[in-house]
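Chemist: Sequence and predicted structure, then a few things I'm wondering about:
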Amino acid sequence: MTDAMGAEYVTGHPAASREFENAREATFDLDANETTMDRAPDRLRSSLLVSAGVVCVVLGAIGIVVPVLPTTPFLLLAAACFLRSSERLHAWLLGNRVFGEYLRRYVSGEGIPRSSKITTIVLLWITLAVSIFAVVPAGLWWVRLALAAIGVGVTIRILRIPTRMA
């Protein structure tokens, strides 16, 4: 025998058929009405996104003082995570006195001020020069080369961001 959906089920034993019918109806009821179990994956997803967003904000904050660690990608990722998980945290990030204006202007395409670009690039290369010549041993030439390549990449990226007249 088949049900309305075309699935076959056991016949011949009334109790088995009745149990199957009850289980099938309960399943359809779950589909029609959202239950706590149905919301559990949403809560897990939101929790993971909030956690990832917080980690990205911390990394972005560290990136403010450590020139080799980029700030913008982490803050943009945090904003995206918060947008999909917590309106309150998203509003906090965009309204934050340290990150908020920077993020809003970057996302809107206004860019960053010329003075910020110059300061960022100068600090980047000072930090890289100290790392390359004073911290990394001469035998690790490939690390020195990698740091210089990262510096070139970050500099190009900064120069390609639109410049906003302050």
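Modeler: Sure, I can see it.
Chemist: can we go C-alpha only for contacts and neighbour counts from here?
Modeler: Noted.
Chemist: and the helix or strand hosting Ala78, what other elements does it pack with?
Modeler: Element membership of Ala78, judged by DSSP states H and E, is helix 72-83. When contacts are defined as 3 or more CA pairs under 8 Å, 6 or more residues apart in numbering; DSSP states H and E, helix 72-83 sits against helix 36-65, helix 87-95, helix 100-108.
Chemist: Now that helix - C-alpha only, PDB.
Modeler: In PDB, the C-alpha atoms belonging to helix 72-83 read as follows (Å, rounded to 0.1, in the frame of the first residue of the first chain):
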ATOM      1  CA  THR A  72      40.300  46.000   6.400                       C
ATOM      2  CA  PRO A  73      39.700  42.400   5.300                       C
ATOM      3  CA  PHE A  74      39.100  41.300   8.900                       C
ATOM      4  CA  LEU A  75      36.700  44.100   9.600                       C
ATOM      5  CA  LEU A  76      34.800  43.500   6.300                       C
ATOM      6  CA  LEU A  77      34.600  39.800   7.200                       C
ATOM      7  CA  ALA A  78      33.400  40.700  10.700                       C
ATOM      8  CA  ALA A  79      30.800  43.100   9.300                       C
ATOM      9  CA  ALA A  80      29.600  40.300   6.900                       C
ATOM     10  CA  CYS A  81      29.400  37.800   9.800                       C
ATOM     11  CA  PHE A  82      27.500  40.200  12.000                       C
ATOM     12  CA  LEU A  83      25.100  41.100   9.200                       C
END
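Chemist: what does that helix rub up against?
Modeler: 49-50, 52-57, 59-60, 89-90, 93-94, 99, 103 (CA atoms under 8 Å, 6 or more residues apart in numbering).
Chemist: could you give me the average pLDDT of it?
Modeler: For helix 72-83, mean pLDDT rounds to 89.
Chemist: Helix 87-95 and that helix, what's the angle between them?
Modeler: If you take axes from the mean of the first three to the mean of the last three CA atoms, to 10 degrees, helix 72-83 sits at 150 degrees to helix 87-95.
Chemist: angle of helix 72-83 against helix 100-108?
Modeler: Orientation check (the same axes, to 10 degrees): helix 72-83 against helix 100-108 gives 90 degrees.
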